[in-house]
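Enquirer: sequence first, predicted model second:
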Amino acid sequence: MQFFIDPYFPDTIDAVGDAGMAGFDEKRPLYLSGCKNFLAKYREEIRQLHQDGASGSDVTHLLSDMMDELNNKLFLSIIYDLGGGNAMLEHIALVAVGGYGRGELNPYSDIDIMFLHDGVLPVATVEDIAQKLLYFLWDMRLDVGYSVRMTGDCIEMAAADGTVKTALMDARFLSGSRPLFAILTKVIFSQILPKSSDSFIKEKVSDMKSRREKYGSTVYLLEPNLKEGEGGLRDLQTAIWVARVKYKFSDLRELIIKGIVDDEELETYHAALDYLWHIRNELHYFNGRKNDQLTFDAQVHLAGFLGYEDGVLVLAVEDFMRDYYRQANKVEHFTSSMISRCIWRDEGALKILGYFVRRPVGEGCFVIKGELILPDETVVEGNPGIMMKIFELAQKHGVTLNVRVKGIIRKNLALINDRFRRNVEVNQSFLNILRSAKGVADTLRLMHHLEFLNRYIPELEHIYCKVQHDIYHIYTVDIHTLFAVEQAEKMLNGEFKGNMPLPCKVASEIGKPELLILAVLFHDIGKGSGGGHAEKGGAMIPLISERMGLSLEESERLEFLVRQHLLFAHISQRRDLNDEKMIALFARQMKTSENLKMLYLLTVADVRAVGSDVWTTWKASLFQELFEKAFAILDRGGFQQEASSERVTSVIKKVTAILEDELPAAEILFELKAMPVRLLLSNPATLIAEHVRLLLGLEQSDILLRLTHQKESGYSEYIICARDMPGLFSRITGVMAANGINILGAQINTSNNGKVLDILQVNSPQGNLITDSARWDKIELDMRQAIHGEVRVSTLVAKRKRPTLLTVRPAPRFATKVTIDNEVSEEYTVIDILTHDKVGLLYLITSTLAEMGLYIGVSKISTKVDQVADVFYVRDIFGHKITAPEKLTEICSKLMFAIDEWV
């Protein structure tokens, strides 16, 4: 495409009359109008080419060429209108720098330009030229970065600021004095780049590390940054900057001539650039502005734009993102390889020196300068098993793989076949890696990065770059798995002992740590095959175990852990842990204490690896409670317990003994006998005594409130003691919602004498302890007024929601789901609700249940970022479970309607 701006610029005499009267100020409106028309026409033509399938490279270069035409015309017009002419042009040059200098512009990229001058023109004149051009560009709503410099300034600033050096490396002549620009080019390559090249490379590597800390230190984030994230455009740019400083080239093909890269690697670079540019172009067009974040909405749009289609098991967006991650992985590998070569300079001298300083570690491998090297690359072809040994040796000696060794492994992946996978020495080496006290996760991560792990265990290919399209998981399935391995490793080696004493203690007791690591590695292996991933993953284990040479007992335990890896979290977070029969049933499912220990550790690792905000002290306490109760049953060696009536009698005697000196025995006994049996059997006698004091206090006050902060656990316990009334718990949840209090769990205890003791575990929506006394005073006031009926709870909640004219109901990512279970509890009907989190949601659900005449006995609340999994144990007004099919259908439909209509 050619760009012609002249037709859009006015003929100065015809447009403004007398040529002698046509100054810059008179022409400016006409110039501006012409420029806007020029941009509008060619921008649209380029966008149409993009829509029709033009490559990313073509579009970025066309956009750059378009801006060249615009800037050059404006620059020259300004110079001539100021009366400068050719004489002025000999002393000033317009230079493109940064991405614009590379000729790489996306639709809404910044335009970075430099006004280079030699000092002959007055500084005020140069500044005037710059301002006139800049105001044109700003008036066209372009994002422009600029500088006004002499060649000496460039040398001085480049020495002090690496970003200036990189910008100058990409400098490109636009207009004005070409000899002046030639001087700058010579200075760049003879003075700027050679100076402190080592420090520049170190600075760029440091910058890359900082970027990854900010934008995510993995290519597999679910909403990656296309430019700054790992495997993005900035990685490719960094690789070339570092190489240019090291090898002093102007054309990339010089790297092939110098033997730094081969044709295939250079093709990988160009293909990656083209791919990322194509996506970034559409991302800009889609957002109507500069944007580099691949948000979920953008991913869905891009998948459609690029022609992906939904399949039976996989969404189009998941296919697109999988390809994106594979491409990002290639970018990361290219970048790290290029930078490694630049750092390992003087390789010839190093080889000579290496004979004297290298340390042999076996299998023909040596360690030198903290890296494992393999001088004879041909040994892999004759003995592919050495590849596994390389990882074991690197882990054992605490060193990394040299970039050439990484290349050897990548080039020989085809040698990993079924014979390799069944090789006894290979499998023993792999298990040795898993048994190690250090470097397990790092080694597996390196295997994954080099795509060795998927070749060795082909079932892992199902989850390679597998996207989980929600905001609960922030990593792809494979990366989540590797993070989970890291969590398990840190429990096994005691690194978490300070803040996770129980998991570390349990981890120190298990017999085969490598089996736990395998369970973590395989726990989500069924996710690439549609729904029911735990069962599907479990079905894959026998073959994997047989291939690895595991014993039958090991294989069965591994299969059990994979099949049941969701069970522990489900029971602990969504079932009543005071239901002894349910706990006994769970313990029976575990069969052995070793199974329980491993499942507990697997679950902790799994949850902690989802994201930093998912693991909480509250969740940890639920996990610990389930583990300890189930372990106590297994440790006894039997599932029979003392009859509940005998235990109740024992508890009553203990509580009476505690209180007999301060309260009348008859009143104590009356209150205890009125209490729910589950309350008596699920709490220590000292705590029950406190409950009795509160309940007896209702004789003097109709509402009693008690607040206790559990600082170590990160939540507060809030007890409401009152007379029973319809919808009481709904009023309580409404007051909490109205005051921005997050309810973690609730135990609703209704005595048969009409008294209620509701116990809530609460914190802030951010997961923090709430200690502001004024806030709690407000809650107490609202609570008393709500229970007395002096204020409408719905009004309080509505104020909290603060609706505005801008409120838009977001489209849910999944449908609300309500299920009812009448088997898990002998006393209650259990309602499970899965939906999106909303302000006042718990109040809405509890009030809906109250309207249907249902009484809540236990409530378990679990929030995963934007997803809510709430569980309610309910009975009817007669204290019975709900069994009538029509009533169960009504409960489901009314709850779903209420939740979906709640904005």
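Expert: All right, it came through fine.
Enquirer: got the buried residues for stretch 387-407?
Expert: For stretch 387-407, burial by neighbour count (16 or more other CB atoms under 10 Å) applies to 387-396, 399, 401-407. The way it works is simple: take the backbone N, C-alpha and C, and place the C-beta from them, glycine included.
Enquirer: what does it contact?
Expert: Outside stretch 387-407, the residues within contact range by CB atoms under 8 Å, 6 or more residues apart in numbering are 333, 336-337, 340-341, 344, 361-363, 365, 367, 370-374, 377, 380, 409, 412, 415-416, 426, 429-430, 432-433, 436, 438-440, 442-443, 446-447, 450, 452, 456.
Enquirer: one more: stretch 535-550?
Expert: Here stretch 535-550 has contacts from 418, 421-422, 424, 427-428, 430-431, 457, 459, 522-527, 529-530, 554-555, 558-560, 562-563, using CB under 8 Å, 6+ apart.
Enquirer: can you report how many residues lie near the nearest residue to A569 once chain neighbours are set aside?
Expert: Of all residues not flanking A569 in the chain, T603 sits nearest, at 5.2 Å (CB to CB, 6 or more residues apart in numbering). Residues near T603, counting by other CB atoms under 10 Å, number 26.
Enquirer: L634 contacts L596, correct?
Expert: Yes - the pair L634 and L596 passes the contact test of CB atoms under 8 Å, sitting 6.2 Å apart.
Enquirer: quick one: the strands in the stretch 601-750 of the chain?
Expert: Using DSSP state E, counting those that start in this stretch, the strands assigned to the stretch 601-750 of the chain run over residues 703-710, 715-723, 742-750.
Enquirer: out of the ones you listed, which comes closest to N86?
Expert: strand 742-750 (72.5 Å; CB to CB).
Enquirer: contact partners of the very next helix or strand once past that closest one?
Expert: Scanning forward in sequence from strand 742-750 by DSSP states H and E, the next helix or strand is strand 755-763. Strand 755-763 has contacts (CB under 8 Å, 6+ apart) with 618, 674, 679, 691, 694-695, 698, 714-724, 728-729, 732, 736, 741-751, 769-770.
Enquirer: mind giving me the packing neighbours of the next helix or strand after strand 755-763?
Expert: Downstream of strand 755-763, the next assigned helix or strand under DSSP H and E is helix 773-788. Identification of packing neighbours for helix 773-788 by 3 or more CB pairs under 8 Å, 6 or more residues apart in numbering; DSSP states H and E yields strand 703-710, strand 715-723, helix 728-738, helix 793-801.
Enquirer: hmm, 6 Å instead?
Expert: strand 703-710, helix 728-738 (3 or more CB pairs under 6 Å, 6 or more residues apart in numbering; DSSP states H and E).
Enquirer: dump the ones you listed into CSV; add distance to E509 and mean neighbour count as well.
Expert: Output for the helices and strands packed on helix 773-788, formatted as CSV (distance: least, CB to CB, whole Å; neighbours: other CB atoms under 10 Å):
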stretch, distance to E509, mean neighbour count
strand 703-710, 28, 15
helix 728-738, 40, 25
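Enquirer: could you dump these into CSV and include distance to T166 and mean pLDDT?
Expert: Output for those, formatted as CSV (distance: least, CB to CB, whole Å; pLDDT from 0 to 100):
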stretch, distance to T166, mean pLDDT
strand 703-710, 52, 93
helix 728-738, 52, 93
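Enquirer: would you turn those into a markdown table with distance to V312?
Expert: Formatted as a markdown table, the helices and strands packed on helix 773-788 follow (distance: least, CB to CB, whole Å):
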| stretch | distance to V312 |
| --- | --- |
| strand 703-710 | 48 |
| helix 728-738 | 41 |
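Enquirer: one step back: out of the buried residues of stretch 387-407, which are inside strands?
Expert: If you go by DSSP state E, these have L401 in strands.
Enquirer: take the buried residues of stretch 387-407 and keep only those in helices.
Expert: 387-396, 403-407 (DSSP state H).
Enquirer: and the furthest pair within these?
Expert: K396 and G407 (21.8 Å).
Enquirer: picking up where we left off before, between L634 and L596, which one's more packed in?
Expert: Neighbours were counted for L634 and for L596 using other CB under 10 Å; L596 has more, 23 against 19.
Enquirer: for A569, see how far away that one is.
Expert: 14 Å (CB to CB, to the nearest Å).
Enquirer: one more: A441?
Expert: 21 Å.
Enquirer: what's the burial count for A815?
Expert: 10.
Enquirer: my guess is the residue nearest to A569 contacts H570. True?
Expert: No - contact criterion CB atoms under 6 Å: T603 and H570 do not qualify, at 9.5 Å.
Enquirer: shared neighbours of the two, anything?
Expert: Counting by CB atoms under 6 Å, 6 or more residues apart in numbering, T603 and H570 have no common neighbour.
Enquirer: quick one: contacts for L226?
Expert: Taking CB under 6 Å, 6+ apart, one finds 232, 280, 292, 294 in contact with L226.
Enquirer: roughly how far does the first one sit from D58?
Expert: Relative to D58, G232 is positioned 21 Å away (CB to CB).
Enquirer: do V651 as well
Expert: 80 Å.
Enquirer: quick check on L82: phi, psi?
Expert: phi -80, psi 0 (degrees, to the nearest 10).
Enquirer: so for the closest residue to it other than its chain neighbours, what's the pLDDT?
Expert: Of all residues beyond its chain neighbours, the one nearest L82 is F24 (6.6 Å), with distances taken as CB to CB, 6+ apart. On pLDDT, F24 comes in at 75.
Enquirer: now the helices for the stretch 51-200 of the chain?
Expert: With helices called from DSSP state H, counting those that start in this stretch, the stretch 51-200 of the chain shows them at 56-81, 85-89, 98-101, 123-139, 151-160, 162-169, 178-187, 197-215.
Enquirer: want to throw those into TSV with mean pLDDT?
Expert: Below are the helices of the stretch 51-200 of the chain laid out as TSV (pLDDT from 0 to 100):
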stretch	mean pLDDT
helix 56-81	93
helix 85-89	85
helix 98-101	92
helix 123-139	93
helix 151-160	84
helix 162-169	82
helix 178-187	90
helix 197-215	75
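Enquirer: TSV for the ones you listed, including mean neighbour count and distance to P29?
Expert: Listed next are those as TSV, based on neighbours: other CB atoms under 10 Å; distance: least, CB to CB, whole Å:
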stretch	mean neighbour count	distance to P29
helix 56-81	20	13
helix 85-89	14	23
helix 98-101	23	26
helix 123-139	16	10
helix 151-160	16	34
helix 162-169	21	33
helix 178-187	16	32
helix 197-215	15	43
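Enquirer: no further queries at this time; thank you.
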